[in-house]
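**Q** need the 3D shape of this:
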Amino acid sequence: MANIKAFKAIRPSQDKAALVASRSYQAYTKKERKGILSLNPFSFLHIIHPGYKLNKKLSGNKRFKLVHERYMEFLRDNILMKDAQDSLYIYQIEKEDFTCCGIFCGTSVEDYKNDVIKKHEATMQPREELFANYLETVGFNAEAVLITYPDNELISEIVCNKKMEVPNSFFTTTDKIKHKVWKISDKNTISLIQKEFKKMNSIYIADGHHRSASSHLFASNSKEKNPNHSGNEPYNFFMSYLIPESEIKIYEFNRLVKDLNGLSKKEFLSKLDVYYEVENLGFPLYKPKRKHQFTMYLDGEFYCLNLKNKVYNFTDALSKLDTQILFKTVLDPILAIKDLRNDKRIKYGYGKNNIKKMKNEIDCGKFKIGFSMVPVTINEIKAVADAGLVMPPKSTYIEPKLRSGLLIYEL
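**A** Residues are numbered from 1 along each chain as shown. Okay, here's the model as predicted:
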């Protein structure tokens, strides 16, 4: 069963919510960050990038300690304020082409440890240790883990009824996205929601594998240091945004490769013929239509690659995944790309007009060849996670992408 916790969130004061909430640090270009930091003194970027005011770069524990100091400054100046009651928080995001609504809460590190909270990506120990140290020093969690759960009629009814009320916070950001937050403080309503989650055998991480792994490590370290550990301490939970499976949006990542591994075009196409029926479609943009079908762009022409099922063996949930199929049949054996995470010869593209962007990068000579596929489904993600397997890097680009500083969980 899945255990969730209400908590007293730290939130921006209503008049400054739009100014405080930021995208993740990496989502901005260097120029964008500089502009925001110079023009907006309330941006959460000032907390996570504390060296700006000092005009110097900071790293390690020096940076972490200053992050904590900036956070305390925001609290003292009432830019950030702590709620008086333990609550769950409904958060709705509205974009031109996408709307979703989920619940901010605390999720259990024991559930993570015991695989109630399922994973589908591998994590790297150095990053886990670095972020665990960060959590210990700064004392808060400002970036929620995105977790999906099976659509639930009672939870949906509670959320819909709450959304009929005036939001506790409502603002629109400069990227034309509307943000609404409703606070659920009624104990009976919180209990009803908790009981529904306790009926669920599994919930699934969509985005935030390193954040959840680091939170688990931080909790383990904190438990060892606390002789009076009870299991109720804040460090036993990490902040998550729980969203129904039907409301997440999954996009594909394209693969762009810089060369043909020393092969001529004719030799490369000949090797493809082992696993694929290869059809030259010419110049018009082409997107794949179904699973196990790939778009390939090479030398100004689009190709359709249809997997020969009689040649390729499906052995488990991972082997059925298009990103894994492409790796096992093309990227590794033909193009000699062994390390999808670190090989400098491969790049990943995503977003609107993805095929067109891929074509442009190849036409201008940055890359030699590109591949596209249909997006991974939530059922495929769950099947891989249920089997305890790990998806290839950059298999999914998932929305929503959450704002930092909108709600903060103190540790």
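**Q** where along the stretch 251-400 of the chain do the strands fall?
**A** 254-257, 276-282, 293-298, 301-307, 346-349, 369-372, 397-399 (DSSP state E, counting those that start in this stretch).
**Q** check contacts around residue 265.
**A** 298-299 (C-beta atoms under 8 Å, 6 or more residues apart in numbering). C-beta coordinates here come from the backbone N, C-alpha and C atoms, glycine included.
**Q** on that earlier part again, nearest to residue 171, out of the strands of the stretch 251-400 of the chain?
**A** strand 397-399 (19.1 Å; C-beta to C-beta).
**Q** which elements pack onto that closest one?
**A** strand 249-251 (3 or more C-beta pairs under 8 Å, 6 or more residues apart in numbering; DSSP states H and E).
**Q** other residues contacting the strand it packs on?
**A** 98, 100, 350-351, 354, 375-378, 381, 396-400.
**Q** residue 407 versus residue 178, what's the distance?
**A** Distance of residue 178 to residue 407, given as C-beta to C-beta, to the nearest Å: 17 Å.
**Q** more neighbours, these two?
**A** Between residue 178 and residue 407, residue 407 has the larger neighbour count (other C-beta atoms under 10 Å), namely 27 against 13.
**Q** may I have the phi/psi pair for the closest residue to that one other than its chain neighbours?
**A** In space, and not counting its chain neighbours, residue 407 is closest to residue 9: 4.5 Å by C-beta to C-beta, 6 or more residues apart in numbering. Backbone torsions for residue 9, taken as degrees, to the nearest 10, come to phi -70, psi 150.
**Q** what's the spacing between residue 9 and residue 111?
**A** For residue 9, the distance to residue 111 - C-beta to C-beta - is 20 Å.
**Q** the nearest residue to residue 268 once chain neighbours are set aside: neighbour count?
**A** Leaving aside its sequence neighbours, residue 268 sits nearest to residue 260 (C-beta to C-beta, 6+ apart; 4.9 Å). Number of residues near residue 260 (other C-beta under 10 Å) recorded here: 17.
**Q** who are the neighbours in contact with residue 260?
**A** So residue 260 contacts 268, 335, 368-369 (C-beta under 8 Å, 6+ apart).
**Q** do residue 27 as well
**A** So residue 27 contacts residue 401 (C-beta under 8 Å, 6+ apart).
**Q** quick check: residue 197 touching residue 3?
**A** Yes. Counting by C-beta atoms under 8 Å, residue 197 does reach residue 3; the two are 7.1 Å apart.
**Q** the two: who's more crowded?
**A** Applying other C-beta under 10 Å to residue 197 and residue 3 shows that residue 197 carries more neighbours, namely 21 against 17.
**Q** what does the helix or strand harbouring that one rub up against?
**A** Here residue 197, judged by DSSP states H and E, is contained in helix 187-198. With contacts defined as C-beta under 8 Å, 6+ apart, helix 187-198 is touched by 1-4, 6, 86-88, 103, 149, 152, 154-155, 158, 184, 203, 242.
**Q** how far is it from where the chain is centred?
**A** 26 Å (C-alpha atoms, centre = their mean, to the nearest Å).
**Q** residues near residue 116, how many?
**A** Residue 116, neighbours per other C-beta under 10 Å, totals 18.
**Q** correction: residue 134
**A** 19.
**Q** contacting residues around the longest strand anywhere in the chain?
**A** Assignment by DSSP state E gives strand 99-108 as the longest strand of the chain. Defining contact as C-beta under 8 Å, 6+ apart, one finds that strand 99-108 is touched by 2-7, 9, 88-93, 116-117, 144-145, 147, 155, 159, 163, 193, 203, 234, 236-244, 247-249, 399-400, 407, 409.
**Q** contacts for the very next helix or strand once past it?
**A** Next along the chain after strand 99-108, taking DSSP H and E as the criterion, comes helix 109-113. Applying C-beta under 8 Å, 6+ apart, the contact partners of helix 109-113 are 2-3, 117, 203, 212-213, 215-216, 219-220, 235-238.
**Q** what sits against the residue nearest to residue 407?
**A** 82-83, 87, 89, 104, 407-409.
**Q** look up which residues are beta-bridged to the residue nearest the centre of the chain.
**A** For the chain, the residue nearest the mean C-alpha position is residue 207 (2.9 Å; C-alpha atoms, centre = their mean). Using DSSP bridges, the bridge partners assigned to residue 207 are residue 146.
**Q** that one contacts residue 397, doesn't it?
**A** No. The criterion here is C-beta under 8 Å, and residue 207 misses it with residue 397 at 9.2 Å.
**Q** buried residues, stretch 77-94. List them.
**A** 79-80, 83, 87-93 (16 or more other C-beta atoms under 10 Å).
**Q** picking that back up, quick one, the helix holding residue 197 and strand 99-108 angle?
**A** If you take axes from the mean of the first three to the mean of the last three C-alpha atoms, to 10 degrees, helix 187-198 sits at 90 degrees to strand 99-108.
**Q** for helix 187-198, buried residues please.
**A** 189-190, 193-194, 196-197.
**Q** cool, and stretch 14-30?
**A** Buried, per 16+ other C-beta under 10 Å, within stretch 14-30: 16-23, 28.
**Q** looking at these, which are in strands?
**A** Among the buried residues of stretch 14-30, no member falls in strands (DSSP E).
**Q** looking at those residues, which are in helices?
**A** With DSSP state H as the criterion, helices contain 17-20 from among the buried residues of stretch 14-30.
**Q** out of those residues, which one sits closest to residue 285?
**A** For those, the nearest to residue 285 is residue 18 (37.5 Å; C-beta to C-beta).
**Q** what's the burial count for the residue lying closest to that closest one once chain neighbours are set aside?
**A** Distance criterion C-beta to C-beta, 6+ apart; nearest residue to residue 18, sequence neighbours excluded, is residue 171 at 3.7 Å. If you count neighbours by other C-beta under 10 Å, residue 171 ends up with 20.
**Q** same deal with residue 220?
**A** Residue 220: 14 neighbours (other C-beta under 10 Å).
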